[in-house]
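Engineer: From the sequence below, what's the structure:
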Amino acid sequence: MFQYLGVAARHSPPYPLYIVHVFGEPMSQTLLRHLCMLREIPRSPRSIDCQTLQSRLAQQGYEVTVRSIQRDLNSLSSVLPLISDGAKRQGWSWMADGGEVGLMGMDAHEAMTLKLVQGQLAQLLPTATLEHLQPYFTQADRILAQRGGKFAHWPDKVRVLPKGQPLLAPQVSPEVQSAVYEALLGDCQLDIEYMRRDATEPKRYLAHPVALVLRGQVSYLLCMLRDYEDISQLVLHRIKSARLIDAPARKADGFNLDAYISQGKLGFAHGGQVRLEAEFHEHAVQTLMETPLSEDQELIPATLGTSGRNMRWLLTATVNDTGELETWLNGFGKLCLRWRKVPLGQAANN
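Structural biologist: Below you'll find the model as predicted:
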């Protein structure tokens, strides 16, 4: 038979790892059936009844009676954080704060990875998904505290900083964020109130969500408004209210998020692609070589100084014509001596 090892007192969470082990014999069909059954049980407040478990086990090739399932769950609940709702058609769940969320242990590598991504995921995932992941984050904290070793302090030694002036994130209503994410997830319409720039009152729109883009500290909802086909960009913190509508959102024909971004649509575009020609002082050249503007960037010595060194360099690159490009150029200060943007058609004729 098998035993569940490493189990603390049932009513003293957080629970340690629950490890299934077989002594003296190969893994039995009973054990395999128990593993399949436990994987089907959701975390509270959701639940699953024994009849549904019986059907799902049958789909996986395990024929078992409802009474046997009830007996197994009553036995397993004495060593695992399983609870029943006491209903006539008894429903079973993993405890909401039951510690370990899987039947396989989490190691220090996995715990460290979860801690590093936890902060980033808050802006990327729907609220319901984050709530579903919370037990994993809790388990990661415990693993690092108990047996993280050299990994325990890694999250304190690594930071990701944005380039440029650090800015505080704008305040986004949790209700708005939840509604927007759920609409994107379910391809549903949204009834929103949006405060446009320089407006004094929010305006109401029917929105068809298409995508979400995080750019620095600001989140942009790409959507189609009302019956229009063009893509609008709405910043999330200016959405004053958002309500899910139980109706399918319209699809943006031929829309590709990566292509949309690569075309500079989120970079305060002034036009299409241009050929940038810029002259830089030699002190800027190493940066330009290490982090090029484009795949076709070229750096050519322009003038020699009295010492024989190349004092000025000419840069050419194909780039999107955006406000960010001009900000980048101005950021070099006196090291960027002059620059101009040539439309691609004109550049090809020269």
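Engineer: List the contacts of the nearest residue to residue 29 once chain neighbours are set aside.
Structural biologist: Excluding the flanking residues, the one nearest residue 29 by C-beta to C-beta, 6 or more residues apart in numbering is residue 62, at 7.8 Å. For the C-beta atoms, the positions are set from N, CA and C on the backbone; glycine is no exception. Contacts for residue 62 (C-beta atoms under 8 Å, 6 or more residues apart in numbering) come out as 29, 32, 33, 36.
Engineer: what number of residues lie near residue 164?
Structural biologist: Residue 164 is flanked by 10 other residues according to other C-beta atoms under 10 Å.
Engineer: That one and residue 326: what is the separation?
Structural biologist: 14 Å (C-beta to C-beta, to the nearest Å).
Engineer: So which residues of the stretch 201-350 of the chain form helices?
Structural biologist: 257-262, 285-290, 323-330, 344-349 (DSSP state H, counting those that start in this stretch).
Engineer: Quick test: name the residue nearest the centre of the chain.
Structural biologist: Nearest to the mean C-alpha position of the chain, by C-alpha atoms, centre = their mean, lies residue 124 at 3.4 Å.
Engineer: Leaving out the residues flanking it, which one is nearest to it?
Structural biologist: Distances taken as C-beta to C-beta, 6+ apart put residue 214 closest to residue 124, at 7.1 Å, once the chain neighbours are dropped.
Engineer: Residue 122 is in contact with that neighbour, correct?
Structural biologist: No: counting by C-beta atoms under 8 Å, no contact exists between residue 214 and residue 122, whose distance comes to 10.7 Å.
Engineer: Below-threshold pLDDT in the stretch 1-150 of the chain: ranges please.
Structural biologist: Applying pLDDT under 70 to the stretch 1-150 of the chain picks out residues 1-28, 98-105.
Engineer: how about 90 then?
Structural biologist: Applying pLDDT under 90 to the stretch 1-150 of the chain flags residues 1-36, 38-46, 59-62, 77-81, 86-90, 94-150.
Engineer: what ranges do the strands span in it?
Structural biologist: Under the criterion DSSP state E, counting those that start in this stretch, the stretch 1-150 of the chain contains strands at 2-5, 19-22, 48-49, 82-84, 91-94.
Engineer: again with the stretch 151-300 of the chain
Structural biologist: Under DSSP E, counting those that start in this stretch, the stretch 151-300 of the chain gives strands at 188-194, 203-215, 218-225, 232-235, 239-248, 269-281, 298-304.
Engineer: For residue 68, find the nearest of these.
Structural biologist: Closest to residue 68 of the strands of the stretch 151-300 of the chain is strand 239-248 (C-beta to C-beta; 40.4 Å).
Engineer: OK, contacts around the closest residue to residue 179 other than its chain neighbours?
Structural biologist: Closest residue to residue 179 apart from its sequence neighbours, by C-beta to C-beta, 6+ apart: residue 242 at 3.9 Å. By C-beta under 8 Å, 6+ apart, the contact set of residue 242 is 175, 176, 179, 180, 183, 190, 191, 192, 193.
Engineer: These into TSV, with extra columns for pLDDT?
Structural biologist: Shown next, in TSV, are the contacts of residue 242 (pLDDT from 0 to 100):
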residue	pLDDT
175	94
176	95
179	95
180	96
183	95
190	98
191	98
192	98
193	98
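Engineer: Can you select the buried ones from these in ChimeraX?
Structural biologist: Here is the ChimeraX command that picks out the buried ones among the contacts of residue 242, judged by 16 or more other C-beta atoms under 10 Å:
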select :176,179,180,183,190,192,193
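Engineer: Spit out the contact partners of residue 252.
Structural biologist: Taking C-beta under 8 Å, 6+ apart as the contact definition, residue 252 lies against 208, 210, 224, 229, 231.
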